[in-house]
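Engineer: I'd like to go over a predicted model; first the sequence, then the structure.
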Amino acid sequence: MTRTALRLLLLAAVLLGLTSCSAPPTAATHRSELLILVSIDGFRWDYLQKYDAPTLRQLAAGGVHARRMTPSFPSKTFPNHYTLVTGLYPQNHGIVSNWFFDPAYGETFGMSKPDSNSQARWWAGGEPVWITAEQQGVRSACFFWPGSETENHGARPSLFRPFEGKMPSNDRVDGLLAWLDLPAGQRPQLCTLYFDLVDHAGHTYGPDAPETATAVQQADAAIARLLAGLAARGLRDKTDLVIVSDHGMSPCGPDRIIFLEDLMDVNTVQVESTGPNGGVRPKPGGPTPAELVAAIRARNVPHLRVFLREEVPARLHYSRGDRIPPVVLMADDGWNIESKTGWPKRAPTYVRGSHGWDPATSNMGALFIAHGPTFRRGHEFADVENIHVYNLLCAALGLQPAPNDGDDRLVREALAR
Ligand code: AMP
Ligand code: ZN
Ligand code: ZN
């Protein structure tokens, strides 16, 4: 059965009341003329008040604002950016971390490997909103976003740029604005824009440092530049903005480390992730995953939880698929799991802030603001999971969403009535 046929069947089921209320909402009557999805990587939910962000605060007050958005596990950049644009938990879209091993391919995906970003096979588990858009006749343009550099189900965004981490924020804004100057037939209706300066400062200096405050101010100024550019083009009042982040940031440092070598014989496993959470895969001839978990638990290591993949708490939706390591280690907020290899050299420059911890942790909370003619005005609500953003983007653009893990709660909160 084709995807279109599947979607029509689903739509019919919703109309006939055959599915539960968690089914994706049907295509809305709304039609945003221009929707820009902006991500400010690592912008913790409370930076909005904690630091000087007048533009963002104004947009939040005049539009729709979730006090805190809960990321998906693990609270890392690539899994969460792909969740935001697909509505799927990482276990269901397949980008289960920034770096992960796929036993079926015998290869490691890596966020900074050009091949991983350009090869469709890594990303095929989800349909990002720009593909939903293109397939339904809405032109899309991605000024950076994980997953935007590859073909997906035979389509691509009409415009995209390979990631350039060194490009200054203002140049990213100007690049996107230049796309809006294209002739009507080529101009995009859905855009993404991405900033990473707040995440960088958070890692290097910690979430409470003055350098992070400065980065927040600079990100806010870049948004102000975007608004001014839209105004100069007569687009300010017609544009819908959805401004999000992927996760928050917690203080940490080299004094709060759990070493893998103190938990297991590392020669018997393949270490697939370290940091706020760890993942290991026993080698052939090594212990079984169950034996390894039992042995680690018997050590009663403070600040550490260990799970078989299948036993990861159900609320984290992180148990399905072989890209998730068979043994998952989770450190408490602020603690990191590391290897002793090269540690004395690495310790002095170890990160002062990080993310990846349990999404329920206050510090892992992300940003959500929606502002523009398609959205309500002056509406704040408590907390929303980031799996619901995709359905909102689709509803705002009048698109029929692909099946996903979200429901219509954000659509009901945010869309103008
Ligand atoms: P992390 O803090 O390790 O979860 O990752 C954040 C980093 O991911 C950012 O600082 C960016 O440099 C990098 N990044 C973000 N988007 C992309 C992309 N599309 N391609 C490659 N790297 C990216
Ligand atoms: Zn991030
Ligand atoms: Zn980061």
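Structural biologist: Ah, there it is. Ligands and ions are numbered 1, 2, ... in the order given.

Engineer: Can you list the residue ranges for strands in the stretch 301-417 of the chain?
Structural biologist: 304-308, 327-331, 336-338, 353-354, 366-371, 379-385 (DSSP state E, counting those that start in this stretch).

Engineer: got CSV for those strands, with mean neighbour count, distance to ligand 3 and mean pLDDT too?
Structural biologist: The way it works is simple: take the backbone N, C-alpha and C, and place the C-beta from them, glycine included. Listed next are these as CSV, based on neighbours: other CB atoms under 10 Å; distance: least, CB to the ion, whole Å; pLDDT from 0 to 100:
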stretch, mean neighbour count, distance to ligand 3, mean pLDDT
strand 304-308, 18, 22, 98
strand 327-331, 25, 16, 98
strand 336-338, 23, 13, 98
strand 353-354, 26, 7, 98
strand 366-371, 27, 12, 99
strand 379-385, 15, 20, 97
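
Engineer: Among those, single out whichever gets nearest to ligand 2.
Structural biologist: Closest approach to ligand 2 among the strands of the stretch 301-417 of the chain (CB to the ion): strand 366-371, 9.1 Å.

Engineer: and that closest one, which strands flank it?
Structural biologist: According to DSSP bridges, strand 366-371 forms sheet pairs with strand 64-70 (antiparallel), strand 239-244 (antiparallel).

Engineer: ok and the residue in the chain nearest ligand 3?
Structural biologist: D199 (4.1 Å).

Engineer: Spell out which parts of this structure neighbour ligand 3.
Structural biologist: Within reach of ligand 3 by CB under 5 Å from the ion, the chain has these residues: G42, D199.

Engineer: need the longest helix for the protein.
Structural biologist: helix 210-232 (DSSP state H).

Engineer: Now do the same contact list for the residue lying farthest from the centre of the chain.
Structural biologist: Ranked by distance from the centre of the chain (CA atoms, centre = their mean), the top residue is G285, with 36.6 Å. G285 makes contacts with T268, as judged by CB atoms under 8 Å, 6 or more residues apart in numbering.

Engineer: Ramachandran angles for it?
Structural biologist: Main-chain torsions, G285, degrees, to the nearest 10: phi 90, psi -10.

Engineer: Equivalent analysis for the one 10 residues further on, please.
Structural biologist: In this entry, A295 is assigned phi and psi values of phi -70, psi -40 (degrees, to the nearest 10).

Engineer: re earlier: the longest helix of the chain vs strand 239-244, what angle?
Structural biologist: The directions of helix 210-232 and strand 239-244 differ by 160 degrees, with axes from the mean of the first three to the mean of the last three CA atoms, to 10 degrees as the criterion.
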